[in-house]
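Colleague: Provide a 3D model corresponding to the input given below.
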Amino acid sequence: MILPYFTLAAKSPTRQRAFRSLVVTHLFLVGGGAGIALSWGSAFLFANTLLILAVVEGAILLGWRLTQLPKSQALEFLLVSQARPASIFLGEALVGLARFALITLAGLPILIGCVLEGVLLPDDLAPLMLIPFLWGAATGLGLATWAYEPPAVRRWGERVIGFLILLYLVVGVLAAEHLPLWLAGLPDWARTGFLDAFRALHDYNPFGAVRVLMEQGPAWAAYRIAFVAWLGFALCLVFLLRAAGRLKEHFHEEHYRPVTLDAKRKRPPIPDEPLVWWAVRRVSKYSGRINLWLAGGFALLYGAFLVFEASWPAWMGRQVFLTFERMGGVPVVTTALVLLAAVPAAFQYGVWDANAQDRSRRLELLLLTELDGRSYWQASLHAAWQRGRGYFGVALFLWLAAWIGGRAALPQIIVSICAGVVLWSLYFAIGFWAFSRGSQGGGLGILLTVGLPILAILCAASHLPWATALTPPGSVYFPLAHAVGWGWVAGPCLAGALALALTRFALNTCDDSLRRWYSLHRS
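Modeller: This next block holds a predicted model:
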């Protein structure tokens, strides 16, 4: 029963093109990370790049596909057949896992090259292939499981995770190295247990295990690597079983659950632009508040440290903030936040459908209306900004804190903010152009949000500041990290001109391109 899912995935032209684009993107990003490791003589950043890349790819290959699966009403024919719902989910998940494994293995020759160059040890290969794969798979399956849960479970889950984030910010950031002093009033058994639990959470996670692997070698990290690998495998198994058991119920909730409102509230009216309303409502269902809470909470504490560093209390932690200062400080953190804000713009969450069949059905209706390219552009713009504006607001707070704290002059802040706006606009223009052509945005989104930052880091490692400033992420970073110069404005000006030209072209050709795509893919 599982074999037909692999056969269908192998014969699907759309999935073949998406797979090839992801392989090429993966090789480019892994190669860029290897170049950084060779330039700096350190594999720590390379190992973290592999982990982050695996998490993003797992979310796209597994999470996106599996969360969109119950939205297709074509699934109803399988659910009323002899096929069991769990086997349907298992077939789709195994196909995604197999494709993810092939993409991960595609980077093995580059890792072998790093071993030959002396950047990695031969014993590093297995952990650097296994850990990213397991935790990328756990991310994708976890996203599907979270989406399949009933709304009440998701609400309570958000509350629990919000409490854990608050606990982490207090214990791991504010207390930090002074945590034993904060716990001095507790009994010995409670203090020791709390400290051991906190150290375990800090060390026995994929990033902590890889850090020990790179710093102390495979022999010292063997126990941590084994624990993290088994934990990732166990999470994959739990998520797989839970989501498989919830597929049918989630399908019924998605299509047959009555949409009701609290009697005390009125249903908000649909505005004059229904496509905008639909796109915003679509991306608001899973708004990603948890990640925003974590980023916003840390930025609030970091901004306070920037402003009040001279009078920072001795009983509050400083080590976490100093670590971020050594990693690049405000320029790096604000650039990362702007990139997070641009992720929805690059991937076009608001207008994409799970597969060509669903897009064809939607376009079959939309193309009969008077909607034009500008209507699609407005819907995509509102949806992308709805998902990304929170991160940009957090970046604005840090920019303001850096100016008040004397970390950067006002002209530097203004140019960096303008570069951030241009970066978001350029990523949106590229993402919308891809949507108008009917192309899948996965590989392109990874290239923009992961590949270009790696390119900027490579340029900085090669001591090419002018090239760093020309890349969109480098144009946000460069004004805050270097002295005043005309090199600030070259990158934003070029990116802004490209964004305007691409937007104009996409608007003019959007309707014709969508109709051409529909005529090629309609069944």
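Colleague: quick check: closest non-adjacent residue to Cys418.
Modeller: Pro492 (5.9 Å; Cβ to Cβ, 6 or more residues apart in numbering). Bear in mind the C-beta positions are built from the backbone N, C-alpha and C, glycine included.
Colleague: measure the one you found to Gly107 for me?
Modeller: 33 Å (Cβ to Cβ, to the nearest Å).
Colleague: still on that earlier bit, was I right to think the residue nearest to Cys418 contacts Ser475?
Modeller: Yes - using Cβ atoms under 8 Å, Pro492 is in contact with Ser475, at 5.1 Å.
Colleague: neighbour count winner among these two?
Modeller: Under the criterion of other Cβ atoms under 10 Å, the comparison of Pro492 against Ser475 puts Ser475 first, with 31 against 25.
Colleague: quick check: which element contains the more buried one?
Modeller: Using DSSP states H and E, the element containing Ser475 is helix 472-481.
Colleague: need the residues touching each of Pro492 and Ser475.
Modeller: Ala419, Val422 (Cβ atoms under 8 Å, 6 or more residues apart in numbering).
Colleague: that older thread, check what pLDDT the residue nearest to Cys418 gets.
Modeller: Listed pLDDT for Pro492 reads 88.
Colleague: how near is it to Ala408?
Modeller: Pro492 is 16 Å from Ala408, by Cβ to Cβ.
Colleague: likewise Leu143?
Modeller: For Leu143, the distance to Ala408 - Cβ to Cβ - is 37 Å.
Colleague: specify which residue of the two has the higher count of neighbours.
Modeller: Each of Leu143 and Ala408 has its neighbours counted (other Cβ under 10 Å); Ala408 has more, 23 against 20.
Colleague: which residue comes closest to that one once chain neighbours are left out?
Modeller: Ala408 sits nearest to Ala402 (Cβ to Cβ, 6+ apart), 4.8 Å away.
Colleague: now do Gly297
Modeller: Nearest non-adjacent residue to Gly297 (Cβ to Cβ, 6+ apart): Leu169, at 4.8 Å.
Colleague: likewise for Ala9?
Modeller: Val95 (4.7 Å).
Colleague: can you tell me the element that neighbour falls in?
Modeller: helix 85-106.
Colleague: from the contact counts, what lies against whatever helix or strand comes next after that helix?
Modeller: As assigned by DSSP H and E, the chain's next helix or strand after helix 85-106 is helix 108-116. Under the contact definition 3 or more Cβ pairs under 8 Å, 6 or more residues apart in numbering; DSSP states H and E, helix 108-116 sits against helix 13-40, helix 125-148.
Colleague: quick revisit: report the separation between the residue nearest to Gly297 and Leu3.
Modeller: Leu169 is 48 Å from Leu3, by Cβ to Cβ.
Colleague: the more surrounded of the two?
Modeller: Applying other Cβ under 10 Å to Leu169 and Leu3 shows that Leu169 carries more neighbours, namely 18 against 8.
Colleague: wait, the more buried one touches Phe298, no?
Modeller: Yes - in this structure Leu169 lies within contact range of Phe298 using Cβ under 8 Å: 6.7 Å.
Colleague: give me the common contacts of the two.
Modeller: Counting by Cβ under 8 Å, 6+ apart, nothing touches both Leu169 and Phe298.
Colleague: you'd agree Ala175 is up against Trp182?
Modeller: Yes - counting by Cβ under 8 Å, Ala175 touches Trp182, with 4.8 Å between them.
Colleague: okay, now the unreliable bits of the stretch 401-523 of the chain?
Modeller: 440-443, 483-487, 523 (pLDDT under 70).
Colleague: let's see it at 90
Modeller: 405-412, 415, 431-471, 474-475, 478-493, 506-523 (pLDDT under 90).
Colleague: just the element for Ala429, please.
Modeller: Using DSSP H and E, Ala429 falls in helix 410-436.
Colleague: that helix versus helix 472-481: what angle between them?
Modeller: 170 degrees (axes from the mean of the first three to the mean of the last three Cα atoms, to 10 degrees).
Colleague: helix 410-436 - contacts with which helices or strands?
Modeller: helix 330-347, helix 373-404, helix 442-446, helix 472-481, helix 487-521.
Colleague: chain center to the second one: distance?
Modeller: Here helix 373-404 shows a centroid-to-chain-centroid distance of 16 Å under the convention Cα atoms, centre = their mean, to the nearest Å.
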